[in-house]
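Peer 1: Take a look and give me a structure for this.
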Amino acid sequence: MRDEEGVRIFVEKLSRMLSDWGFPPMAGRVLVTLSVSDEDSLSAADLAERLSVSPAAISGAVRYLIQLGMVAREPVPGSRRDLYRVVENSWWEVALTKVRLYKVLADMVDEGIEVLGGQETHGGRTMTELRDFYLFMYEQMPQLHEKWRERHRVEATE
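Peer 2: Numbering: from 1, shown residues only. Next up, the predicted model:
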């Protein structure tokens, strides 16, 4: 049986953790609320009620999440209302988008290594380790993606 008070606490804890990692707080609350909902989609009024916030706070958060591709807006036929739902695989897709940034970061850090005097300097060694880590993550992500897709397929058929 679903423990609504426990769900509320969980939503706040997980969204606070996302916020600590740099995710906008209200967007995190909305994303987690949509993710844990028993319904496929929720209206802005539903979200505002569940989170005890104003509809205006919901509006900005869903706009942000739509831009990230994590939430989709679905119009309600014959109404001015919209429903919002989490896009399937959106967590993974956002992670893949960030992977391209790993390469950009690694290339920029590579420039820094040179101006720091190369790998022989303390700063150069530190930046080399940073560059190498992000290049490794960038290079490994396609294999990790394929492993995830295979695991997800296997779990879906069980």
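
Peer 1: and residue 22, which of the three is it?
Peer 2: coil (DSSP: H, G, I helix; E, B strand; the rest coil).

Peer 1: biggest helix in the chain, by residue count?
Peer 2: Counting residues, the longest helix in the chain under DSSP state H turns out to be helix 122-157.

Peer 1: farthest residue from the center of this protein?
Peer 2: Distance from the C-alpha centroid of the chain, by CA atoms, centre = their mean, peaks at residue 120 (37.4 Å).

Peer 1: so the closest residue to residue 39 other than its chain neighbours is in which element?
Peer 2: Distances taken as CB to CB, 6 or more residues apart in numbering put residue 46 closest to residue 39, at 7.9 Å, once the chain neighbours are dropped. C-betas here are computed from N, CA, C, even on glycine. Taking DSSP states H and E as the criterion, residue 46 maps to helix 44-51.

Peer 1: So for that helix, what gets flagged as buried?
Peer 2: By neighbour count on 16 or more other CB atoms under 10 Å, the buried set for helix 44-51 is 44, 46, 47, 48, 50, 51.

Peer 1: Could you point out which of those residues is nearest to residue 141?
Peer 2: residue 47 (32.1 Å; CB to CB).

Peer 1: What residues does that closest one make contact with?
Peer 2: Applying CB atoms under 8 Å, 6 or more residues apart in numbering, we find residue 47 in contact with 30, 33, 34, 58, 62, 84.

Peer 1: where does the protein dip in pLDDT?
Peer 2: For the chain, no stretch is flagged by pLDDT under 70.

Peer 1: domain ranges for it?
Peer 2: Segmentation of the chain into domains, based on automatic domain parsing, reads 4-86, 90-157.

Peer 1: Mean neighbour count, these: which tops it?
Peer 2: Most buried of those by mean neighbour count (mean count of other CB atoms under 10 Å) is domain 4-86; its value is a mean of 16.
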